[in-house]
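Novice: just need the structure, nothing else, for what follows:
(chains A and B)
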Amino acid sequence: RKEVEQDPGPFNVPEGATVAFNCTYSNSASQSFFWYRQDCRKEPKLLMSVYSSGNEDGRFTAQLNRASQYISLLIRDSKLSDSATYLCAVNIRNNDMRFGAGTRLTVKP
Amino acid sequence: DTAVSQTPKYLVTQMGNDKSIKCEQNLGHDTMYWYKQDSKKFLKIMFSYNNKELIINETVPNRFSPKSPDKAHLNLHINSLELGDSAVYFCASSQSPGGPEFFGPGTRLTVL
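Specialist: Below is the predicted model of the structure:
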């Protein structure tokens, strides 16, 4: 089993749609979790941290389920500008961040 | 005023050559990293430095050697470049171990 797994997609959704991504991790001792966004030929950029109680930032909601070892990202009211690859990241131990392979999202007019 | 910067942005070189990539962060972070992103877009950690001490060294060939002259810099030196080294190399930093990481713009290395 890979340390961090994501559905590669692609997810093709119309503007205004709600879309959700899941990411599973194998190390139950993992301590911190993040979602990153990566545009084509650019660096990954931090989208949001994921907290145990769940957290929201505008149209984006992140959740953590420790029992089932997965994190999720929900995007509401999708915009064209949300088109990108979304990477989940799991810190399996200090200074050892493992990234998923990414989920590609395309939002269409 | 770029937070994490890398040079060069593009690097094209022949097999067998030795090359270096430089990275600097002005965020005052304690930890810096090098990642490799291959053609399949998989981002894999190579090295981590915390207060100038190597913390993680993944199964990376010893042709790759990180060098940190101070807390704000982590350079990557590659000896005897091979075709399989072609990839995008990202430098990153974080305030503390386990914290969110901030990436540089990447160095696209092509080995011919």
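Novice: how far away from the center of its chain is stretch A:46-57?
Specialist: 10 Å (C-alpha atoms, centre = their mean, to the nearest Å).
Novice: can you give me the end-to-end distance of stretch A:4-15?
Specialist: End-to-end distance of stretch A:4-15: 29 Å, with C-alpha to C-alpha, to the nearest Å as the criterion.
Novice: flag every residue of chain B that's near chain A.
Specialist: In this structure, chain B approaches chain A at residues B:31, B:33, B:40-45, B:48, B:50, B:55-56, B:90, B:97-106, judged by C-beta under 8 Å from any C-beta of the partner chain. To be clear about C-beta, it is placed using only N, CA and C from the backbone, and glycine gets the same treatment.
Novice: any of these buried? List them.
Specialist: By neighbour count, with 16 or more other C-beta atoms under 10 Å in any protein chain shown, those hold B:31, B:33, B:41, B:43, B:45, B:48, B:50, B:55-56, B:90, B:97-106 as buried.
Novice: in strands only, show me the residues you listed.
Specialist: The strands, defined by DSSP state E, take in B:Thr31, B:Tyr33, B:Leu43, B:Ile45, B:Ser48, B:Asn50, B:Ile55, B:Ile56, B:Phe90, B:Phe102, B:Phe103 from those.
Novice: quick one: the third one from B:Phe90, how far?
Specialist: Separation of B:Leu43 from B:Phe90 (C-beta to C-beta, to the nearest Å) stands at 7 Å.
Novice: find residues that contact each of these two.
Specialist: Contact criterion C-beta atoms under 8 Å, 6 or more residues apart in numbering or on different chains; residues shared by B:Leu43 and B:Phe90: A:Pro44, B:Tyr35, B:Lys36, B:Gln37.
Novice: my read is the second one is in a strand, agree?
Specialist: Yes - if the criterion is DSSP: H, G, I helix; E, B strand; the rest coil, then B:Tyr35 is within a strand.
Novice: residues contacting B:Tyr89?
Specialist: Per C-beta under 8 Å, 6+ apart, neighbours of B:Tyr89: B:Gln6, B:Ile21, B:Trp34, B:Tyr35, B:Lys36, B:Gln37, B:Leu76, B:Gly106, B:Thr107, B:Leu109.
Novice: please name the nearest non-neighbouring residue to whatever residue of chain B ends up closest to chain A.
Specialist: Of chain B, the residue with the smallest distance to chain A, taken as C-beta to the nearest C-beta, is B:Pro97 at 3.6 Å. Excluding its sequence neighbours, the residue lying closest to B:Pro97 (C-beta to C-beta, 6 or more residues apart in numbering or on different chains) is A:Asn94, at 3.6 Å.
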